[in-house]
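# quick one, fold the following:
(one chain, ligands or ions: 2)
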Amino acid sequence: MKKVHISASRDYDVLVEWGLLDRSGELIKEATGSKKAAIISGDIVFPLYGERLKRSLEAAGMETEVFVLPHGEQSKTLANYGNILEFLSRKHFGRSDVLVALGGGVTGDITGFAASTYQRGMNFVQVPTTLLAAVDSSVGGKTAVDLPAGKNQVGSFYQPALVLCDPELLATLPEEEFACGCAEVIKYAVLGSRDFFDRLKALPVSQQIEDVICTCVEMKRDVVAQDEYDRGLRQLLNLGHSFGHAVEACSHFTVLHGQAVAIGMAAITRAAVAKGLCSEKTLAELLELLEQYGLPVRCEYSLDEMYAASLLDKKLTGGMMHLIVPEEIGRCRIVAVATEDVKSWMEAGGIGR
Ligand code: NAD
Ligand code: GLY
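Ligands and ions are numbered 1, 2, ... in the order given. Okay, the predicted model is just below:
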């Protein structure tokens, strides 16, 4: 079993092993001491893996309840968050019990937010079932729901007690969703490792899955250890996200998160080239790798729509947006841009008509 230890306001382990799902009960019991668990999952994932998780929790002596959400970003709402809280209350859950998120980033984000606020905070465990959740969203404690005005507008920082990552669960992921996870993987390589980038070029992620998950989680561990609350360094993890969130919003979430991040990374790198901060060669290498993984690098929304959507993003501080700009593969910097100049960055990035 591979283990990455995360040091934050609450320390925990990320465990990575094939077949871990069937051992999850004993591991969750050991990490939390809880006697009762609520599995929160989606209507695609629960039928695939829910019963195995439930059986394992019950074999470890835990009482279980199940709450199933409709799948997709449209479920990450205040209404569903409220439904989870009502369910916990109806089923007499207390602070010492545990919420187990079985699913991708949507399930993890909403479950984490419910765990952080129900009775002022209860135990929480992540069992990621998408590549994106395994390499990024299940680690680091960002929890959230969306508002009609924008993504992740309501949330908290709340670390899980344990992350159980069983790569076997990724076998049923649709190809498009697997590619979305690859976008976040490529993000980590562009942020911090030329060597990792070259490994992703040489061998498909699917053929080095455990190493890829551990490499990304270790990189995230190092960032979270220094800036858990996203006041500086952690903003680097938003590479591709500022423009990406605008793409998601303009598409009414028909463009998936990982696809939007890919478009956002391509755009910010094109803008970096236009502004003399990055070489054409770096841009060409990035575009080639994104395309190798079946990811989009452009979108068709108007510049005005994209700009308006970007202003609703929460990454605005004092009228400035912090853009994460690649300088070369493995090195990025944070550039503070006045909101009125964001449009010119978008234009330089070739994003929007
Ligand atoms: P998702 O949770 O919507 O899952 C994608 C789709 O795959 C869903 O339809 C789901 O039902 C299906 N699915 C999940 N696991 C499956 C499996 N094993 N087999 C078959 N189908 C499966 O999307 P996602 O890409 O995992 O996460 C995106 C979300 O994560 C966004 O809301 C984004 O904002 C958030 N996010 C959060 C963080 C964070 O740090 N908290 C980081 C990155 C992204
Ligand atoms: N995925 C961005 C972060 O965790 O900060």
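
# distance of the closest residue to ligand 2 within the chain relative to ligand 1?
Nearest residue of the chain to ligand 2: Leu237, at 3.8 Å (CB to the nearest ligand atom). Every residue, glycine included, has its C-beta placed from N, CA and C. Going from Leu237 to ligand 1 by CB to the nearest ligand atom, to the nearest Å gives 8 Å.

# please apply the same query to Arg194.
Distance from Arg194 to ligand 1, counting by CB to the nearest ligand atom: 23 Å.

# and that residue, what is it in contact with?
Neighbouring residues of Arg194 by CB atoms under 8 Å, 6 or more residues apart in numbering: 328-330.

# which among those residues end up buried?
Listed as buried from the contacts of Arg194 are 329-330; burial here means 16 or more other CB atoms under 10 Å.

# strands - which of the contacts of Arg194 land there?
Judged by DSSP state E, the subset of the contacts of Arg194 located in strands is Glu328.

# TSV please, covering the contacts of Arg194 and showing pLDDT.
Conversion of those to TSV gives the following (pLDDT from 0 to 100):
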residue	pLDDT
Glu328	98
Ile329	98
Gly330	98
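
# that older thread, what's the local residue count around the residue of the chain closest to ligand 2?
Counted by other CB atoms under 10 Å, the residues lying close to Leu237 total 22.

# shouldn't it be within a strand?
No - using DSSP: H, G, I helix; E, B strand; the rest coil, the assignment for Leu237 is helix, not a strand.

# how about the residues of the protein by ligand 2?
Proximity of the chain to ligand 2, by CB under 6 Å from any ligand atom, involves residues 136, 140, 142, 230, 234, 237.

# give me the element the nearest residue in space to the residue of the chain closest to ligand 2 that is not next to it in sequence is part of.
With sequence-adjacent residues excluded and distances taken as CB to CB, 6 or more residues apart in numbering, Leu237 is closest to Val223, at 6.2 Å. Under the criterion of DSSP states H and E, Val223 resides in helix 209-226.

# list the contacts of Leu99.
Neighbouring residues of Leu99 by CB under 8 Å, 6+ apart: 37-38, 40, 88, 111, 114-115, 118, 122-125.

# switch to 6 Å and redo it
Taking CB atoms under 6 Å, 6 or more residues apart in numbering as the contact definition, Leu99 lies against 38, 40, 111, 115, 124.

# you'd agree the first one is up against Glu63?
By that I understand Ala38. No - with contact defined as CB atoms under 6 Å, Ala38 does not reach Glu63; the gap is 9.8 Å.

# okay, these two: which has more neighbours?
The neighbour comparison of Ala38 against Glu63 (other CB under 10 Å) goes to Ala38, with 25 against 13.

# so the residue nearest to that one when sequence neighbours are not counted: helix, strand or coil?
Nearest non-adjacent residue to Ala38, counting by CB to CB, 6+ apart: Glu65, 4.9 Å away. Here Glu65 is recorded as strand under three-state DSSP.

# what's around Glu65, how many residues?
Per other CB under 10 Å, the neighbour tally for Glu65 reads 17.

# can you name the residues of the stretch 51-200 of the chain that neighbour ligand 1?
Residues of the stretch 51-200 of the chain lying near ligand 1 (CB under 6 Å from any ligand atom): 71-73, 76, 103-107, 109, 129-130, 132-133, 136-137, 140, 142, 151-152, 169-170, 172-173, 177, 180.

# repeat for the stretch 251-353 of the chain
Residues of the stretch 251-353 of the chain lying near ligand 1 by CB under 6 Å from any ligand atom: 257-258.

# where along the stretch 51-200 of the chain do the helices fall?
Secondary structure of the stretch 51-200 of the chain (DSSP state H, counting those that start in this stretch): helices at 51-59, 78-90, 105-117, 131-132, 175-192, 194-202.

# export those to a markdown table and tack on mean pLDDT?
Shown next, in a markdown table, are these (pLDDT from 0 to 100):
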| stretch | mean pLDDT |
| --- | --- |
| helix 51-59 | 98 |
| helix 78-90 | 98 |
| helix 105-117 | 98 |
| helix 131-132 | 98 |
| helix 175-192 | 98 |
| helix 194-202 | 98 |
